[in-house]
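Student: show me the folded form of this:
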Amino acid sequence: MAYTTIDDPSAFFQTMLHAEDDTAFTFDGNSDLQPDMIWNKNRDENNYEHHIIDSVRGVSKLARVSTTTAEFTSADSITAIGSNGFTTGADDNGYVSSGTDKQVSWCWKESATAGFDIVSYSGNASARTISHNCGAIPTMMIVKKRSDADNWSVYHRITGAGNFTILNTTAASAGSSTMWNNTTPTSSVFSLGNKGEVNANSQTFIAYLFTDIQGYSKTFTYEGNSNANGPFVYLGFKPAFVLTKPIDSADNWNMFDNKRLTFNSGTSPFALTPNNANLETTDTHQLDFLSNGFKINNAGNTVNRGNTFIGIAFAEAPMVTSTGIPTTAR
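Tutor: Okay, here's the model as predicted:
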């Protein structure tokens with residue numbers, strides 16, 4: 001059997017920890033990575049939002065994840081994307097770099113091999129389809145209006161085409177027949193209704209589309225149990241990045257990665273919440289990254305209340321390579 005089609009996930013996703021402005025930063029993965037999407041958060045300051053930069057809109061165009069605000073221009077945040085990293089500018093506003101503040105950047109390469117596509121389009125307020133190049137059926141989509149203030153709308157295969165979740169709020173998932181037109185994406189197009197958040201007339205939009213790739217990426221669901229012996233979520237790989245959200249309650253999204261969460265016990269700063277500008281929290285043993293998934297080990301935090309959760313994860317290494325070599329656990 002084929003365990004994975006991607007033996008080295010670092011060719012398509014890496015996390016960069018960095019500080020200082022006006023500096024070139026190089027990834028440390030096994031493969032070079034020229035990122036097409038950079039999602040950044042200042043780890044030291046409470047009032048700096050999450051920001052996304054991508055190669056489709058251009059490095060000077062920032063989208064502020066934690067708010068509804070329209071896309072804006074900053075010529076000195078990220079000044080260049082290189083063949084294996086990126087360069088930050090002076091960034092006096094602190095969007096992506098700010099003096100010696102600690103920063104984290106999660107970085108993806110746009111590729112059908114890795115099941116990730118970035119699509120820019122203009123709205124027409126009518127039910128329609130938009131072409132994509134994911135190479136398979138998208139299992140998660142994040143859409144933001146570029147030209148005006150509005151929410152970040154999320155499609156997830158678990159909640160389906162009749163529902164949506166909002167990335168910039170704590171709101172539970174909600175039903176809508178006019179968001180995704182009650183139509184599941186296909187391997188070539190995704191569908192939109194006339195809802196303004198994703199298809200307002202004459203407005204411009206950006207969509208980030210992901211699909212599950214065995215051994216590299218996976219959308220998932222699990223049931224929290226409010227117990228220190230929390231659920232295990234099988235992914236088929238050792239995770240480098242995990243994003244989760246309870247869909248049946250008003251609670252935070254939570255983001256984890258293998259560069260900030262470096263060991264599987266004790267107290268460590270690692271949870272970041274894209275729906276607000278908060279600093280990463282310090283909590284006791286929220287979860288473990290394992291060779292084939294992750295295990296939750298905390299009763300009282302927002303990744304293990306008695307709710308239904310959805311999420312997406314990306315790999316540090318496949319559980320077993322295409323040549324049959326198993327990965328090591330921590």
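Student: use CA for all of it now, contacts and neighbours both
Tutor: OK.
Student: centroid residue for this structure?
Tutor: Nearest to the geometric centre of the chain sits Leu243, at 6.4 Å (CA atoms, centre = their mean).
Student: and that one, what element?
Tutor: If you go by DSSP states H and E, Leu243 is part of strand 237-246.
Student: what bits of the stretch 201-330 of the chain have low per-residue confidence?
Tutor: 265-269, 281-285, 300 (pLDDT under 70).
Student: now the strands for it?
Tutor: 204-210, 217-223, 232-234, 237-246, 254-257, 267-271, 281-284, 287-289, 293-296, 308-318 (DSSP state E, counting those that start in this stretch).
Student: with distance to Thr327 added, can I get these in CSV?
Tutor: Listed next are those as CSV, based on distance: least, CA to CA, whole Å:
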stretch, distance to Thr327
strand 204-210, 24
strand 217-223, 16
strand 232-234, 15
strand 237-246, 8
strand 254-257, 17
strand 267-271, 23
strand 281-284, 26
strand 287-289, 12
strand 293-296, 12
strand 308-318, 7
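Student: what's the closest of these to Ala172?
Tutor: strand 237-246 (7.0 Å; CA to CA).
Student: and the strand holding Leu243, C-alpha only, in PDB?
Tutor: Extracted C-alpha coordinates of strand 237-246, given in PDB (Å, rounded to 0.1, in the frame of the first residue of the first chain):
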ATOM      1  CA  PHE A 237       1.500  11.400  10.400                       C
ATOM      2  CA  LYS A 238       3.500  13.200  13.000                       C
ATOM      3  CA  PRO A 239       2.000  16.700  13.100                       C
ATOM      4  CA  ALA A 240       3.900  19.900  12.600                       C
ATOM      5  CA  PHE A 241       0.800  22.100  12.900                       C
ATOM      6  CA  VAL A 242      -2.700  21.600  14.300                       C
ATOM      7  CA  LEU A 243      -5.700  24.000  14.200                       C
ATOM      8  CA  THR A 244      -8.900  23.200  16.100                       C
ATOM      9  CA  LYS A 245     -12.300  24.700  16.900                       C
ATOM     10  CA  PRO A 246     -15.400  23.500  18.800                       C
END
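Student: what's the angle from that strand to strand 308-318?
Tutor: Between strand 237-246 and strand 308-318, the angle comes out at 160 degrees (axes from the mean of the first three to the mean of the last three CA atoms, to 10 degrees).
Student: mind giving me the packing neighbours of strand 237-246?
Tutor: strand 254-257, strand 293-296, strand 308-318 (3 or more CA pairs under 8 Å, 6 or more residues apart in numbering; DSSP states H and E).
Student: single out the most deeply packed of these.
Tutor: Of all the helices and strands packed on strand 237-246, strand 308-318 has the most neighbours on average by mean count of other CA atoms under 10 Å, namely a mean of 24.
Student: give me the sheet partners of that strand and which way each runs.
Tutor: strand 217-223 (antiparallel), strand 237-246 (antiparallel) (DSSP bridges).
Student: got the contact list for the first one?
Tutor: So the one you mean is strand 217-223. Residues from elsewhere that reach strand 217-223 (CA atoms under 8 Å, 6 or more residues apart in numbering): 114, 139-140, 156-158, 211-212, 231, 233, 235, 304, 306-315.
Student: show me what counts as buried in that strand.
Tutor: Across strand 217-223, burial judged by 16 or more other CA atoms under 10 Å covers Ser217, Lys218, Thr219, Phe220, Thr221, Tyr222, Glu223.
Student: lovely, talk soon.
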